[in-house]
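Trainee: Give me a model of this one.
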Amino acid sequence: MDSAGAQGTDLISVIVEDHRKVEALMKRLERSGPGDPDFEKHLTELISEIRHHVQEEETRLLPRLRAACSTDELEELGSRVLKSKAAAPTRPHPSAPDRPPANRVLDPGVGFIDKIRDGLSGRSI
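Mentor: Okay, here's the model as predicted:
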């Protein structure tokens, strides 16, 4: 793999790890609730992780993607993201697989169940 490919793989690994951290923090918050003595600490940590993650994507990932792809490719990627988002889980599942092929097989089913739970509980996204 060339240097640019290795750097891209490293960047993706960082972003996947960021996602994993955020999911684990969201799950911890979901279990604890606002009355928990550590709730505010975990919430602050979650906000910090999300801000860091957004900064990584906006300053490193997206500019590289724009430079590497044509307008048509970017539009196709955007369509695929929207399609994936429609089937994706709506709740954190930190122990769920996050790499293909397992995530591609399980995510739509988990997303379907999450959407049923959301509907029954009145949770909107």
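
Trainee: list the buried ones in the top helix by length along the chain?
Mentor: In the chain, with assignment by DSSP state H, the single longest helix is helix 3-32. For helix 3-32, the neighbour count (16 or more other CB atoms under 10 Å) marks 8, 18, 21, 22, 23, 24, 25, 26, 28, 29 as buried. To be clear about C-beta, it is placed using only N, CA and C from the backbone, and glycine gets the same treatment.

Trainee: just stretch 63-77 next, same as before
Mentor: For stretch 63-77, burial by neighbour count (16+ other CB under 10 Å) applies to no residue.

Trainee: Return the alpha-carbon coordinates of it using CSV.
Mentor: Only the C-alpha atoms of stretch 63-77 are listed here, as CSV (Å, rounded to 0.1, in the frame of the first residue of the first chain):
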residue,chain,number,x,y,z
PRO,A,63,-11.0,17.7,2.5
ARG,A,64,-9.1,14.5,1.5
LEU,A,65,-12.4,13.0,0.2
ARG,A,66,-13.1,16.2,-1.8
ALA,A,67,-9.6,16.2,-3.3
ALA,A,68,-9.8,12.5,-4.2
CYS,A,69,-13.3,12.3,-5.7
SER,A,70,-15.2,13.8,-8.6
THR,A,71,-18.5,15.6,-8.1
ASP,A,72,-20.4,12.6,-9.3
GLU,A,73,-18.5,10.3,-7.0
LEU,A,74,-19.2,12.6,-4.0
GLU,A,75,-22.9,12.7,-4.9
GLU,A,76,-23.0,8.9,-5.1
LEU,A,77,-21.3,8.7,-1.7
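
Trainee: Report the mean per-residue pLDDT for it.
Mentor: The average pLDDT within stretch 63-77 is 92.

Trainee: And stretch 33-47, by the same measure?
Mentor: Across stretch 33-47, pLDDT averages out at 90.

Trainee: mind listing what residue 103 touches?
Mentor: For residue 103, the contacting residues are 96, 97, by CB atoms under 8 Å, 6 or more residues apart in numbering.

Trainee: Same check on residue 123?
Mentor: Residues in contact with residue 123 (CB under 8 Å, 6+ apart) are 90, 117.
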